[in-house]
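Chemist: Task: produce atomic coordinates for the following.
(4 chains)
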Number of protein chains: 2
Amino acid sequence: MHTILVIDDDDNLRDTIIVLLEQEGFRTLAAADGNVGLEKALTAKPSLILVDLRLPGKSGVDVCKAIRSARDSTPIIVLSAAGDEIDKVLLLEMGADDYVVKPFGTRELLARIRAVLRRVSPEAHQVLSFADTQVDLQRRVVSRKGSELKLTPAEYNLLTFFLQNPDRPLTRDMILNSVWGYESFPNTRTVDAHVVRLRQKLEPEPDCPRHFLTVHGVGYRFLP
Amino acid sequence: MHTILVIDDDDNLRDTIIVLLEQEGFRTLAAADGNVGLEKALTAKPSLILVDLRLPGKSGVDVCKAIRSARDSTPIIVLSAAGDEIDKVLLLEMGADDYVVKPFGTRELLARIRAVLRRVSPEAHQVLSFADTQVDLQRRVVSRKGSELKLTPAEYNLLTFFLQNPDRPLTRDMILNSVWGYESFPNTRTVDAHVVRLRQKLEPEPDCPRHFLTVHGVGYRFLP
DNA sequence: GAAAAATTGCACAATCTATTTACAAATCGT
DNA sequence: ACGATTTGTAAATAGATTGTGCAATTTTTC
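Modeler: Here you go, the predicted structure:
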């Protein structure tokens, strides 16, 4: 069952879309401005987000960027008014998956939504797992034995990096560059601190790690 | 490191993709039409090709077919415009490995590229071995009979130096210079000590070495 | 076979490296 | 603006590695 978040300040249109989606069997969430929308996007983990380009609070562009910079890959469809100059390249840079020009037919909107969901869904339930722990990359959720584990953003980012580079020694510099990015320059001890935190939350025996191994003199290695 | 060839006549989009790929650490090649693209594909041996379906010169379909009929199995991802009828079967028959519908999110594109690269080259580990021992240079792991051996950094470095210079007498000075570098100046006893440690961990009978041989008055010799 | 030379095995302190803990700055949500 | 959470860093602790000296052993040489 998919949940779709609709972010649009036009009450009429928003309600119309909500009703349409619910008729079609989707669960829905709504927000009238960018800030509320962004918050719901990040906390409620919808399957897809419809966001108006022009919004009070944060614009659609801002919402997109914020979501992507939170390393959240929930698919996004942008709704743009007829007059707006649509810049494909801009949309790409924003990280949007598709766009629909208002006024649009309900049929077209549904088709786009289904197309995007279909396109994403082969990966949608791409759940990486190790030991008894599952990590849903799309929903950004980590769970063990059915119950959800709370990870902080930094912890989650580090975890997914380990998951994507299993069984391979990773130096602290590699980790810093990939997880923290080229922009920020925390020192390498920071990596250690976060590895410790990951171990405390994810290792059965945190003081005798079986998955997040240290490679003395090199860095760390993740073993699924 | 992977090189990716981008064949698209839309200058804006092509540049956007190129910049994106280079940010992600790929090397890139670009072509604006099918003929140039095909030529670069065949001569420059990229790791992966992104090709637009609609192209001046040769179409994306033609490029695919030409590459495959040249018995070139470089992975290909097809970019198709939103309106195009996408026929998965046709694409498969053409020899494409995946397709992405424009407009696409950068994240999606990168995910597809990585997925295809991973699928095509399942990380060929370079594994050196001698007797019943394997040394995986990528993973930095030494194993015997399936179980992992723990080596310290100095031991591991020394081991790989021996592996790379098999069957050849190596003086202590050569070893010091190559393994410890010009910066540090431990005395030559140090080499002996580490050879001893290597023998203890790796030789079936440490007191009757069969692989790490001493060359009296000279140094050591490694025999696979 | 004995003396000389070279190598080995071992112990241990010095040096590095990693982990833990604690804490203050930054960020976030209300 | 306030309290809670997260995050980066520093200092203290624990742990592992490494270089070295020396006595025992082996090899070479005569």
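
Chemist: So residue A:95 sits against residue A:65, correct?
Modeler: Yes: between residue A:95 and residue A:65 there is a contact under Cβ atoms under 8 Å: 7.1 Å. Glycine gets a C-beta too; all of them are placed from N, C-alpha and C.

Chemist: Could you check which of these two is surrounded by more residues?
Modeler: Remark: of residue A:95 and residue A:65, residue A:95 carries more neighbours, 21 against 16, as counted by other Cβ atoms under 10 Å in any protein chain shown.

Chemist: what's near enough to touch the residue nearest to the spatial centre of chain A?
Modeler: Residue closest to the mean C-alpha point of chain A, counted by Cα atoms, centre = their mean, is residue A:72 at 1.7 Å. The neighbourhood of residue A:72, defined by Cβ atoms under 8 Å, 6 or more residues apart in numbering or on different chains, consists of A:41, A:42, A:140.

Chemist: State the distance from the last one to residue A:42.
Modeler: The span separating residue A:140 from residue A:42 equals 8 Å under the rule Cβ to Cβ, to the nearest Å.

Chemist: Among the two, which residue is more densely surrounded?
Modeler: Comparing residue A:140 with residue A:42 by other Cβ under 10 Å, the one with more neighbours is residue A:140, at 19 against 16.

Chemist: The more buried one reaches residue A:156, doesn't it?
Modeler: Yes: with contact defined as Cβ under 8 Å, residue A:140 reaches residue A:156; the gap is 6.5 Å.

Chemist: Which neighbours do these two have in common?
Modeler: Taking Cβ under 8 Å, 6+ apart as the criterion, residue A:140 and residue A:156 both touch residue A:71.

Chemist: Which residues are in contact with the nearest residue to residue A:54 once chain neighbours are set aside?
Modeler: Using Cβ to Cβ, 6 or more residues apart in numbering or on different chains and skipping residues adjacent in sequence, the residue nearest residue A:54 is residue A:81, 6.5 Å away. By Cβ under 8 Å, 6+ apart, the residues touching residue A:81 are A:53, A:54, A:101, A:102.

Chemist: where does the third one fall, phi/psi-wise?
Modeler: What it means is residue A:101. phi -90, psi 130 (degrees, to the nearest 10).

Chemist: Could you verify my assumption that it touches residue A:77?
Modeler: No: counting by Cβ under 8 Å, residue A:77 is not a contact partner of residue A:101; they are 11.4 Å apart.

Chemist: out of those two, which sits in the busier spot?
Modeler: Counted by other Cβ under 10 Å, residue A:101 and residue A:77 do not tie: residue A:77 has more neighbours, with 20 against 15.

Chemist: So the more buried one lies in a strand, does it not?
Modeler: Yes: applying DSSP: H, G, I helix; E, B strand; the rest coil, one finds residue A:77 inside a strand.

Chemist: ok, what's across the strand from it?
Modeler: Per DSSP bridges, the residues bridged to residue A:77 are residue A:50, residue A:98.

Chemist: what's it in contact with, if anything?
Modeler: For residue A:77, the contacting residues are A:48, A:49, A:50, A:51, A:96, A:97, A:98, A:99, A:100, A:112, A:113, A:116, by Cβ under 8 Å, 6+ apart.

Chemist: just residue A:9 next, same as before
Modeler: For residue A:9, the contacting residues are A:32, A:33, A:52, A:54, A:55, A:56, by Cβ under 8 Å, 6+ apart.

Chemist: again, only this time at 10 Å
Modeler: Residues in contact with residue A:9 (Cβ atoms under 10 Å, 6 or more residues apart in numbering or on different chains) are A:31, A:32, A:33, A:34, A:37, A:52, A:54, A:55, A:56, A:57.

Chemist: just residue A:7 next, same as before
Modeler: A:14, A:29-38, A:40-41, A:49-52, A:55, A:57-58, A:60, A:63, A:76, A:79.

Chemist: Now it: closest residue in space, sequence neighbours ignored.
Modeler: residue A:37 (3.3 Å).

Chemist: shouldn't the one you found be in contact with residue A:29?
Modeler: Yes: the criterion here is Cβ atoms under 10 Å, and residue A:37 meets it with residue A:29 at 9.0 Å.

Chemist: okay, and the common contacts of the two?
Modeler: Contacts common to residue A:37 and residue A:29, judged by Cβ under 10 Å, 6+ apart, are A:5, A:6, A:7, A:49.

Chemist: Which of the three states applies to the residue in chain A positioned nearest to chain B?
Modeler: Chain B sits closest to residue A:217 of chain A, with a gap of 3.8 Å, by Cβ to the nearest Cβ. The assignment at residue A:217 comes out as coil when based on three-state DSSP.

Chemist: roughly how far apart are it and DNA strand C?
Modeler: In this view, residue A:217 and DNA strand C are 5 Å apart by Cβ to the nearest atom of the strand, to the nearest Å.

Chemist: mind listing what that residue touches?
Modeler: Listed by Cβ under 10 Å, 6+ apart, the contact partners of residue A:217 are A:169, A:171, B:152, B:153, B:154, B:156, B:157.

Chemist: Could you check the pLDDT of the residue lying closest to residue A:139 once chain neighbours are set aside?
Modeler: Spatial nearest neighbour of residue A:139, chain neighbours left out: residue A:45 (4.7 Å); criterion: Cβ to Cβ, 6+ apart. Looking at residue A:45, its pLDDT is 83.

Chemist: for residue A:45, what are its contacts?
Modeler: Listed by Cβ under 10 Å, 6+ apart, the contact set of residue A:45 reads A:3, A:5, A:29, A:72, A:74, A:136, A:138, A:139, A:140, A:141.

Chemist: who in chain A is up against DNA strand D?
Modeler: Listed as neighbours of DNA strand D in chain A under the rule Cβ under 7 Å from any atom of the strand: A:150, A:152-155, A:180, A:184-187, A:189-190, A:193-194, A:216-217.
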